[in-house]
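Engineer: Output the structure for:
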Amino acid sequence: MSLRKPSFILAVFIASLFQVSLSAANCSAESGKNRVALIELYTSEGCSSCPPADKWLSSLSKQGFGADKLLPLSLHVDYWNYIGWRDPYSAAEYTQRQRKIGQRNRLRSIYTPQLVFNGRDYRAWRRQNVKLLLDEVNAWPAAAKLALNWKTSSDNKLSTSVSSELLTDSASSPTLFVALYENNLVSNVTAGENDGRSLHHDYVVRKMFAVPFSGKKKLTKQINFPLQEDWDKANLGLAVFVQQRRDGNVLQALSAPLDCKS
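Structural biologist: Numbering: from 1, shown residues only. Below you'll find the predicted structure:
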């Protein structure tokens, strides 16, 4: 039996600590003084008129609308799944969220593609310069402060800590939303209205959690996201926003890529 020198054991111990530190990244982000706008796209791969809206949403970052100005999210609804193609990104909860938006905006029915700007039905996205709306919202002072901390590990675990503080009195208690989204998704559709098409998506919501303020002005929440094997960590991002329940007004929004080193 051979004995290893203490210096060798110490080196192995230090190396093991270094490996642990590499397996997890501690990241953080904070919101700014001015308001960030929220644009939601309600879409479906079973809808033949949706791809242009998907493309429009993806183009916003290329137009210079970064995270300091805009939080875009794509929510895939499930009510098109019956026609032969099941949208792999669809969820009933996103359909339910769209129904609530429809009720708030007094719409006769929900539809796709639907763009929603800060809680309001936005049908002018095809013809209106969205920069005009963003300039107006971005000039407003933030009505809430957001701080986000997260830690990813090599064993597909993501833990997040979200803190929010309301900076103005609110007539109705708002809700804090935390979402995990993914970019650069591609689907080869083999049935339904988009049969034979290759569809590209960005900002696709994978998971979303809602946390009501319940009359408080400060809120801190720990949320753990289960990361699935088919999700590409390099294309994942986190989004946080505070929204009024009655009128859908967004008090502040914050987003950041999951990999804070990129």
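Engineer: Not counting sequence-adjacent ones, nearest residue to G32?
Structural biologist: Excluding the flanking residues, the one nearest G32 by CB to CB, 6 or more residues apart in numbering is D68, at 6.3 Å. For every residue, glycine as well, the C-beta is placed using N, CA and C.
Engineer: Tell me who's in contact with that neighbour.
Structural biologist: By CB atoms under 8 Å, 6 or more residues apart in numbering, the residues touching D68 are 32, 34, 36, 138.
Engineer: Most neighbours among these, please name it.
Structural biologist: Tallying neighbours with other CB atoms under 10 Å puts V36 at the head of the contacts of D68, with 26 neighbours.
Engineer: And for the residue lying closest to that residue once chain neighbours are set aside, the neighbour number?
Structural biologist: Spatial nearest neighbour of V36, chain neighbours left out: A253 (4.1 Å); criterion: CB to CB, 6+ apart. As a burial measure, A253 scores 27 neighbours (other CB under 10 Å).
Engineer: Tell me where the stretch 1-150 of the chain has strands.
Structural biologist: For the stretch 1-150 of the chain, the strands defined by DSSP state E, counting those that start in this stretch cover 24-30, 37-43, 70-76, 114-117, 120-121, 144-153.
Engineer: Give me the pLDDT value at the closest residue to S198 other than its chain neighbours.
Structural biologist: Excluding its sequence neighbours, the residue lying closest to S198 (CB to CB, 6+ apart) is N188, at 5.3 Å. With respect to pLDDT, N188 scores 98.
Engineer: Number of residues surrounding N188?
Structural biologist: Number of residues near N188 (other CB under 10 Å) recorded here: 9.
Engineer: How about E229?
Structural biologist: Other residues lying near E229 total 5 when counted by other CB under 10 Å.
Engineer: Excluding chain neighbours, give the residue nearest to it in space.
Structural biologist: Spatial nearest neighbour of E229, chain neighbours left out: N156 (7.0 Å); criterion: CB to CB, 6+ apart.
Engineer: if I look at the one you found, how far off is L227?
Structural biologist: According to CB to CB, to the nearest Å, N156 stands 4 Å off from L227.
Engineer: who's more crowded, these two?
Structural biologist: Counted by other CB under 10 Å, N156 and L227 do not tie: L227 has more neighbours, with 19 against 13.
Engineer: In the protein, where is pLDDT below threshold?
Structural biologist: Applying pLDDT under 70 to the chain flags residues 1-25, 170-171, 262.
Engineer: And the helices in it?
Structural biologist: Secondary structure of the chain by DSSP state H: the helices cover 6-23, 51-59, 92-104, 130-138.
Engineer: Contacts only, for P174.
Structural biologist: When contacts are counted by CB under 8 Å, 6+ apart, P174 touches 144, 166, 212-213, 242-245, 251.
Engineer: Just the residues you listed: which are in strands?
Structural biologist: 144, 166, 212, 242-243, 251 (DSSP state E).
Engineer: Can you report how many residues lie near the nearest residue to A143 once chain neighbours are set aside?
Structural biologist: For A143, ignoring the flanking residues on the chain, the nearest one in space by CB to CB, 6+ apart is L251 at 3.8 Å. Neighbourhood size, L251 [other CB under 10 Å]: 25.
Engineer: Could you measure from L251 over to L134?
Structural biologist: From L251 over to L134 the distance is 16 Å, taken as CB to CB.
Engineer: same deal with R245?
Structural biologist: Look at R245 and L134: by CB to CB, they are 24 Å apart.
Engineer: cool, G46 as well?
Structural biologist: The spacing between G46 and L134, counted by CB to CB, is 30 Å.
Engineer: Compare these two (neighbour count), which wins?
Structural biologist: Counting neighbours by other CB under 10 Å for G46 and for L134 shows that G46 has the greater number, 26 against 20.
Engineer: State the distance from the closest residue to the more buried one other than its chain neighbours to L238.
Structural biologist: Distances taken as CB to CB, 6+ apart place W80 nearest to G46, at 3.2 Å, with adjacent residues excluded. Remark: distance between W80 and L238 (CB to CB) = 27 Å.
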